[in-house]
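1. Generate coordinates for the sequence data below:
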Amino acid sequence: MRLVCKQLRAAIDDAVSSLFIGLNDSYDPDEVLQRLARTSLRPSKLHFRNFNTTQTTLLLAALAARELVPVLHEVQHLTMSSIMPLSAALVMSSTMPQLRSLYVVCHMDVSVCRAWQRLPQLSSLTLGLVPASDAAAASPLLEGLEHITSMKSLNLTYLFFLKSLNLTESYIQVDEGSLAACKQLTKLIYERCFPALTQLTQLLQLEVVQDLSSDSLPLLATLPQLADLRLQSCPLQPSSQLSRFLFQNLTSLTVKSIHSRDLAALDCPQLQTLAVHELLEFKAAAAGAVVRQLGPPPSVSVLLEALAPWQPRSGAVEKLGLWHLSDVTHEALEWLPVNIKSLTFQSCHLLPGALSSVATRLTQLTCLDLSFSHVSVMELQLLAARAQQGALLKVYVPIALSEEEVAALETFTAYTKSWTGHTPIVIEEIGPLANLWRSIQSSSLH
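-> Alright, predicted model coming up:
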């Protein structure tokens, strides 16, 4: 039996590819580390979490004594999410020369990351910088990043209270000249845009955590390979708002807050994915109790019209979802790209006549999901009567419709088919979103 248990434990250890080690004050870290050293675990992913200062010191001592070398021999992805000095993180990671990715949360106590320069396979580095409790301005600048020659992905972000502040020069903990010299980078997440960023000509993905200054967007437009751009905001100077900024290879753009006129100034002929969390017009108009002269929020046409300059070259967009829009009109939907194949209205209110644009313009549409939007039966009948789609158009009708209303719509569709000779639309009662919603409702009742 003992032999069987030993073989079973060895088999389990061999099957473990990811290991998470988290401690609290009730654990004896020395005992935990000794037990870990006696196992035959050989994980490829290792995560240390919730180590206090004492526990971190003991872990460093164990590494220095090479007690954990067998366990760490095959670790390729290391995460250390407990706050520690950068010098300690350098010592820990230097014992694993085979590392490919490293995630560290630390405060700066040294300036040069020489240990990471001796990790020949380190391609991804995530560094969460925590300011010292006394004076962040006294922290040394991190240098030598350009000597991590295999690094392709770099995430440098500032944690905790700095998120509520503007990142001024006094809080910068990275030598941006060293950062700009990492010319092999293809992915970068950093707090701000800086002029030397234009030297990173191999960048495919870029995320800027802080708000851009009004003169930063033209700099980003010079990055020739950029395909994925993520921003908090990108305001333009008044003198630049009539200009066009070409992002030749951009396929994905995410912006938390932007004015529609600034959105219209972007030229993204290859764009496939666009995520805009809020238009500044909506944000300002939402303060109607204070700024009454702004009037009601602008209609959906403001956003769709802002995208019009990208058409028809942005022909790759085939699927579109519009959420939480009120009073959607026929005129607003005239701005939709004509080549989309799937269109979803989620929590939208469509005004009379709005779907006529869908019926006559979107001739390649094969799926229309109205499950959670307000649309009358009469509007759906008009859609069936006017549909010009070459293929069958599947319509997921609003779940708020009664059985009688759905039956009436199906009768009208059958009559239209007998009159025209082809089926204009196919009525479906449970769309993908509605099916999920009903499953949740059913499980909550039980």
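2. Where does Thr56 fall, secondary structure wise?
-> Remark: Thr56 resides in helix 53-64, with elements defined by DSSP states H and E.
3. That helix - what's its average pLDDT?
-> The average of the pLDDT scores along helix 53-64 is 72.
4. Least confident secondary structure element in the protein?
-> helix 432-445 (a mean of 47; mean pLDDT, DSSP states H and E).
5. if we can go back for a sec, tell me the buried residues in the very next helix or strand once past the helix holding Thr56?
-> The helix or strand immediately downstream of helix 53-64 is helix 69-72, counting by DSSP H and E. By 16 or more other Cβ atoms under 10 Å, the buried positions in helix 69-72 come out as 71-72. C-beta here means a position set from N, CA and C on the backbone, and glycine is covered the same way.
6. residues in contact with the helix or strand following helix 69-72?
-> Heading C-terminal from helix 69-72, the first helix or strand you meet, by DSSP H and E, is strand 77-85. Residues outside strand 77-85 that contact it (Cβ atoms under 8 Å, 6 or more residues apart in numbering): 44-52, 56, 89, 92-93, 96, 99-107, 109-110, 130.
7. and the residues you listed, which are buried?
-> 45-48, 51, 56, 89, 92-93, 96, 99-107, 110, 130.
8. any weak-confidence spans in the chain?
-> 1-15, 23-30, 62-69, 132-139, 160-172, 237-243, 278-317, 389-391, 424, 430-446 (pLDDT under 70).
9. the longest helix in it is where?
-> For the chain, the helix with the greatest residue count under DSSP state H is helix 403-420.
10. and it, how far out from the chain's middle?
-> Taking Cα atoms, centre = their mean, to the nearest Å, one finds helix 403-420 lying 42 Å from the centre of the chain it belongs to.
11. So which elements touch that helix?
-> For helix 403-420, the elements it packs on are helix 377-386, strand 425-428, judged by 3 or more Cβ pairs under 8 Å, 6 or more residues apart in numbering; DSSP states H and E.
12. Same list, the ones you listed, but as a markdown table with distance to Asp262 please.
-> Supplementary listing: these in a markdown table, determined by distance: least, Cβ to Cβ, whole Å:
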| stretch | distance to Asp262 |
| --- | --- |
| helix 377-386 | 34 |
| strand 425-428 | 38 |
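13. okay, the ones you listed in a markdown table with mean neighbour count and distance to Ser214 next?
-> Compiled in a markdown table, those are given as follows (neighbours: other Cβ atoms under 10 Å; distance: least, Cβ to Cβ, whole Å):
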| stretch | mean neighbour count | distance to Ser214 |
| --- | --- | --- |
| helix 377-386 | 19 | 43 |
| strand 425-428 | 17 | 48 |
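14. Which of those sits closest to Thr413?
-> Among these, the nearest to Thr413 by Cβ to Cβ is helix 377-386 (5.0 Å).
15. after that closest one comes which helix or strand?
-> On the C-terminal side of helix 377-386, the closest following helix or strand by DSSP H and E is strand 393-396.
16. Quickly run through the sheet partners of that next one, with directions.
-> For strand 393-396, the paired strands and their directions (DSSP bridges) are strand 367-374 (parallel), strand 425-428 (parallel).
17. closest one to Gly321 among the ones you listed?
-> Gly321 lies closest, by Cβ to Cβ, to one member of these: strand 367-374, at 8.4 Å.
18. how far does that closest one sit from the chain's center?
-> 25 Å.
19. how about Thr273, what does it touch?
-> Going by Cβ under 8 Å, 6+ apart, Thr273 touches 251-254.
20. Can you report how many residues lie near Ser82?
-> For Ser82, the neighbour count with other Cβ atoms under 10 Å is 21.
21. I'd like to know which elements the helix holding Thr56 is packed against.
-> Under the contact criterion of 3+ Cβ pairs under 8 Å, 6+ apart, helix 53-64 touches helix 29-38, helix 86-94.
22. pretty sure Ala385 is touching Tyr415, no?
-> No: judged on Cβ atoms under 8 Å, Ala385 makes no contact with Tyr415 at a distance of 9.7 Å.
23. number of nearby residues for Ala354?
-> Counted with other Cβ under 10 Å, the neighbours of Ala354 add up to 23.
24. what sits against it?
-> 328-330, 332-333, 379.
25. Would you convert the residues you listed into a markdown table that also reports secondary structure and distance to Val32?
-> What follows is these, written out as a markdown table (DSSP: H, G, I helix; E, B strand; the rest coil; distance: Cβ to Cβ, whole Å):
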| residue | secondary structure | distance to Val32 |
| --- | --- | --- |
| Val328 | strand | 59 |
| Thr329 | coil | 64 |
| His330 | helix | 66 |
| Ala332 | helix | 61 |
| Leu333 | helix | 61 |
| Glu379 | helix | 65 |
